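Asks: quick one, what's the 3D model for this:
(2 chains)
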Amino acid sequence: MGKVVLKLGADISTDIIYPGRFMATVLPTETPQFAFVDDAAFNQKLKSKQIEPGSFIVADKNFGCGSSREQAASCLVGWGLKVIAKNFSRIFLQNSINVGLYMVICPTIEANEGDELEIEGGQVVNKTSGKSFPIVPLPQARQAIIDAGGLIPYTRKMVLAGKR
Amino acid sequence: MGMTMVQKILARAVGQASVKVNDVVEPKVSLAMSHENGALVINQFNEIYKDTGIEARVWDPSKIAIIFDHRVPAESSKTAGNQKKIREFVAKQGITKFHDIRGDEGGICHQILPESGYDLPGQVIVGTDSHTTSHGALGAFSFGIGATEMAAVWALGKILNVEVPGTIKVVVNGTLPKYVEPKDIILHLIGKLSAEGANFKVIEFHGETIKKMSTSGRLVLCNMTVEAGATGGIVPPDAETVRYLKTEAGVKNIPELFGPDADAVYEQVVEIDASKLEPQIAFPHTVDNVKPVGAAKGIKVQQIVIGSCTNGRLDDLAIAASILKGKKVARSVRMLVFPASTRIYQQALKKGYVETFMKAGAVVMNSGCGPCLGIHQGALADGDKALATTNRNFKGRMGNPNAEVYLSSAATAAASAITGEITDPRTVTPAPKTAKPKKAKVKIVKPKAKKKAVAKKPVKKSVKKAKKTAKKGRK
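Replies: This next block holds a predicted model:
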């Protein structure tokens, strides 16, 4: 169970999630400080630990469009945030899988800031409104990377098995 | 059933006779490109090998390209540190396609790859930059990936879990009117498809307009396909591709060319009549917010940016210079020009474009990405509006979330630099040819000019200067 802490519209670009001017910062341990940094109020809430890990960001279509910068996914992982969107842009989706950002594709999602959500049985259950919304499952090949704990451990296994 | 370009390329890359849309494949990679974010790739690459007892070696150092372009020369010690880390890695691994900060072979990755002959038709190319879609202009399947994914490519030489994408066929016919450019075609198309209209798909370009278009123009089209969400853009290679590879990229061994099957199956077909197109503008803050230039008439801008991996090539600089010749950039405008590569910069110098820009009042910067994404020079103030030939107008893109970015072709940007407001380039008249030699002579007398400046309004002085430039320019 987690609370919706940020409700966003369509076409949220990586320039909003992680502005280009902080791209020289690359390490996943250092990127979280710049998550949504141009939304000063939200960024401050993150930094002052007012947001519980496991909280949700809910967005409309095409979340993460634009740049391939992986910082946009790793900065959210650092705060333990989960993202539910009607759909995701391709590179952001793949980056999320690779670095272990918990994200869910839910084309019909209805939720407001403050609502309590639970992911159960292939659905997003909005405990506040009492409504449920089906999740679009990821293709199996991508799920395998998530199950391995991300692309690094997945690739490490292949390297150890000599599969080049 | 016939295959599209991307299906045929992927089938070859996995050694199969055919692949179907949505098949999961692991194609061999021909070229793996990174820029300064190579610093993160190195970190993730080393993570893969951590505690394995296996030495971290890239699969093939001749197939990795690293081009410094995002923050050149380094704007901070942090960037300098990242660049140093990459240099050391390049030396250690023996990576050969490395373009450091240099005036002879440096530039923006999406220009360096084609002009250096690294891009070839039929290849699978990946890059840690979303505009890696550009290289489809040479008939490759080329797409952007994240840093961790690149680390896996460096280790394995293949890209994991690629679903064969469906293809949207875009057919462009008709002759582009004067001052309507490839940029206007792609902006129009993005407006039509929307910012997610091609998500997880490839856009394949066809038609007479594309056949006649230079590789430079095709790079513009493929570059911005990602703004419609596309995985890649692709132009089936043809005689123009061969010309470019041979004469501009110095490629001696051209691989066998192939196009899509005649009975290839497309998910959608979009037709565009180029002869009816007008100059287009993408309004803030999404690239699909596209309207004809007339809708933006009178919008005052404080910064004009001509350059980037989208429109910083020689023909962009040529058309901008032809419009600005003998004219002045409005006093209310800062105009920045950054060529796509140092080779293009040198060509622009030889052809006199740089002189034209500088005399008009523009600042010609070194080749790089900086202003486009607000990370290195050219940041906007609160309330500023910019018109740029770059590829994105997202909130905060040019370094400030309280500013606005409009996108256009180089012709529209140059015309707007003169007026200080978004201007249809088709309405710009050539510089007056009436400057008299006598007046020009008077201007040379320095003390007199200074005295005059006190007495007269500075506006008149600038008019005189413009006339003088016009006269010189005609020689």
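
Asks: which SSE is immediately downstream of the one helix or strand in chain A whose mean pLDDT sits lowest?
Replies: Here the helix or strand of chain A ranked lowest by mean pLDDT, DSSP states H and E is helix A:140-147, holding a mean of 90. The helix or strand immediately downstream of helix A:140-147 is helix A:151-160, counting by DSSP states H and E.

Asks: which parts of the stretch 1-150 of chain B are strands?
Replies: B:24-25, B:31-34, B:64-67, B:97-99, B:124-127, B:141-144 (DSSP state E, counting those that start in this stretch).

Asks: next one: the stretch 251-400 of chain B
Replies: Along the stretch 251-400 of chain B, counting by DSSP E, counting those that start in this stretch, strands occupy B:268-273, B:280-282, B:290-292, B:303-307, B:334-338, B:363-364, B:385-388.

Asks: now the angle from the fourth one to strand B:334-338?
Replies: Compare the direction of strand B:303-307 with that of strand B:334-338 by axes from the mean of the first three to the mean of the last three Cα atoms, to 10 degrees and you get 10 degrees.

Asks: how long is stretch A:20-27 from one end to the other?
Replies: End-to-end distance of stretch A:20-27 (Cα to Cα, to the nearest Å): 15 Å.

Asks: who touches it?
Replies: With Cβ atoms under 8 Å, 6 or more residues apart in numbering or on different chains as the contact definition, stretch A:20-27 has outside contacts at A:31, A:34, A:37, A:67, A:69, A:71, B:36-37, B:39-40, B:43, B:70-71, B:76, B:78-79, B:82, B:147, B:373-375, B:396-397, B:399. Yep, even glycine has a C-beta here, placed from its N, CA and C like the rest.

Asks: also stretch A:141-156?
Replies: The contact list for stretch A:141-156, computed with Cβ under 8 Å, 6+ apart, reads A:94, A:97-100, A:137-138, A:157, B:24, B:44, B:47-50, B:52, B:148-149, B:151-152, B:155-156, B:160-161, B:163.

Asks: what does stretch B:281-294 give?
Replies: Residues from elsewhere that reach stretch B:281-294, judged by Cβ under 8 Å, 6+ apart: A:11, B:187-188, B:190-191, B:193-195, B:197, B:224, B:227-228, B:278-280, B:295-296, B:387, B:391-395, B:404-408, B:412, B:422-425.

Asks: now find how far off-centre it is within its chain.
Replies: Relative to the mean C-alpha coordinate of its chain, stretch B:281-294 is positioned 18 Å out (Cα atoms, centre = their mean, to the nearest Å).

Asks: could I get it in CSV with only the CA atoms?
Replies: C-alpha atoms of stretch B:281-294 as CSV (Å, rounded to 0.1, in the frame of the first residue of the first chain):
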residue,chain,number,x,y,z
ILE,B,281,6.6,26.1,-35.6
ALA,B,282,6.4,23.8,-32.6
PHE,B,283,5.0,25.9,-29.8
PRO,B,284,5.9,25.3,-26.1
HIS,B,285,6.1,22.9,-24.3
THR,B,286,5.6,19.8,-26.4
VAL,B,287,7.2,19.1,-29.8
ASP,B,288,3.8,17.9,-31.2
ASN,B,289,2.2,21.4,-30.6
VAL,B,290,2.8,22.3,-34.2
LYS,B,291,1.2,25.1,-36.2
PRO,B,292,2.1,26.9,-39.5
VAL,B,293,4.4,29.9,-39.0
GLY,B,294,1.5,32.3,-39.5
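
Asks: any idea of the mean pLDDT in it?
Replies: The pLDDT scores in stretch B:281-294 average 98.

Asks: in it, what counts as buried?
Replies: B:281-290, B:292-293 (16 or more other Cβ atoms under 10 Å in any protein chain shown).

Asks: what is the nearest of these to chain A?
Replies: Checking those against chain A by Cβ to the nearest Cβ gives residue B:286 as the nearest, at 5.3 Å.

Asks: so what's the residue count around residue A:33?
Replies: Neighbours of residue A:33 under the rule other Cβ atoms under 10 Å in any protein chain shown: 14.

Asks: gap between the closest residue to it other than its chain neighbours and residue B:63?
Replies: Using Cβ to Cβ, 6 or more residues apart in numbering or on different chains and skipping residues adjacent in sequence, the residue nearest residue A:33 is residue A:47, 6.7 Å away. Distance, residue A:47 to residue B:63, using Cβ to Cβ, to the nearest Å: 41 Å.

Asks: check residue B:49 too.
Replies: Separation of residue B:49 from residue B:63 (Cβ to Cβ): 19 Å.

Asks: pull the number of nearby residues for residue B:43.
Replies: Around residue B:43 there are 16 residues (other Cβ under 10 Å).

Asks: residue A:30 too?
Replies: Neighbours of residue A:30 (other Cβ under 10 Å): 14.

Asks: mean neighbour count and distance to residue A:24 added to the strands of the stretch 1-150 of chain B, as JSON lines?
Replies: Listed next are those as JSON lines, based on neighbours: other Cβ atoms under 10 Å in any protein chain shown; distance: least, Cβ to Cβ, whole Å:
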{"stretch": "strand B:24-25", "mean neighbour count": "18", "distance to residue A:24": "35"}
{"stretch": "strand B:31-34", "mean neighbour count": "26", "distance to residue A:24": "15"}
{"stretch": "strand B:64-67", "mean neighbour count": "26", "distance to residue A:24": "16"}
{"stretch": "strand B:97-99", "mean neighbour count": "20", "distance to residue A:24": "19"}
{"stretch": "strand B:124-127", "mean neighbour count": "26", "distance to residue A:24": "19"}
{"stretch": "strand B:141-144", "mean neighbour count": "28", "distance to residue A:24": "19"}
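
Asks: tell me which of the ones you listed sits nearest to residue A:106.
Replies: Closest approach to residue A:106 among these (Cβ to Cβ): strand B:24-25, 23.2 Å.

Asks: so how far is the closest one off the chain centroid?
Replies: Worked out by Cα atoms, centre = their mean, strand B:24-25 lies 30 Å from the chain centre.

Asks: before we move on, what about stretch B:44-57?
Replies: Per Cα atoms, centre = their mean, the centroid offset for stretch B:44-57 relative to its chain is 35 Å.

Asks: show the average pLDDT along that stretch.
Replies: The pLDDT scores in stretch B:44-57 average 97.

Asks: and what of stretch A:69-80?
Replies: Stretch A:69-80 carries an average pLDDT of 97.

Asks: can you pull the buried residues of that stretch?
Replies: Neighbour count says stretch A:69-80 has A:69-79 buried, by 16+ other Cβ under 10 Å.

Asks: and the pLDDT at the closest residue to residue B:256 other than its chain neighbours?
Replies: For residue B:256, ignoring the flanking residues on the chain, the nearest one in space by Cβ to Cβ, 6+ apart is residue B:122 at 7.5 Å. pLDDT, residue B:122: 98.

Asks: from residue B:194, how far out is residue B:122?
Replies: Applying Cβ to Cβ to residue B:122 and residue B:194 gives a distance of 30 Å.

Asks: any part of stretch A:117-136 near chain B?
Replies: No: for stretch A:117-136, no contact with chain B is found by Cβ under 8 Å from any Cβ of the partner chain; the gap never falls below 12.5 Å.

Asks: that stretch - what's its average pLDDT?
Replies: On average, stretch A:117-136 scores 97.

Asks: buried residues in that stretch, which are they?
Replies: Buried residues in stretch A:117-136 (16+ other Cβ under 10 Å): A:117, A:119, A:124-126, A:133, A:135.

Asks: ok, which pair from the residues you listed is furthest apart?
Replies: A:126 and A:135 (12.8 Å).

Asks: can I get stretch B:369-378 as PDB, trimmed to CA atoms?
Replies: Written as PDB, here are the backbone C-alpha positions of stretch B:369-378 (Å, rounded to 0.1, in the frame of the first residue of the first chain):
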ATOM      1  CA  CYS B 369      25.000  20.300 -27.700                       C
ATOM      2  CA  GLY B 370      25.100  22.800 -24.800                       C
ATOM      3  CA  PRO B 371      22.400  25.400 -25.600                       C
ATOM      4  CA  CYS B 372      19.900  22.800 -26.900                       C
ATOM      5  CA  LEU B 373      19.400  21.200 -23.500                       C
ATOM      6  CA  GLY B 374      20.500  24.100 -21.300                       C
ATOM      7  CA  ILE B 375      23.600  22.500 -20.000                       C
ATOM      8  CA  HIS B 376      26.400  24.600 -21.400                       C
ATOM      9  CA  GLN B 377      25.900  28.200 -22.400                       C
ATOM     10  CA  GLY B 378      22.900  30.000 -23.900                       C
END
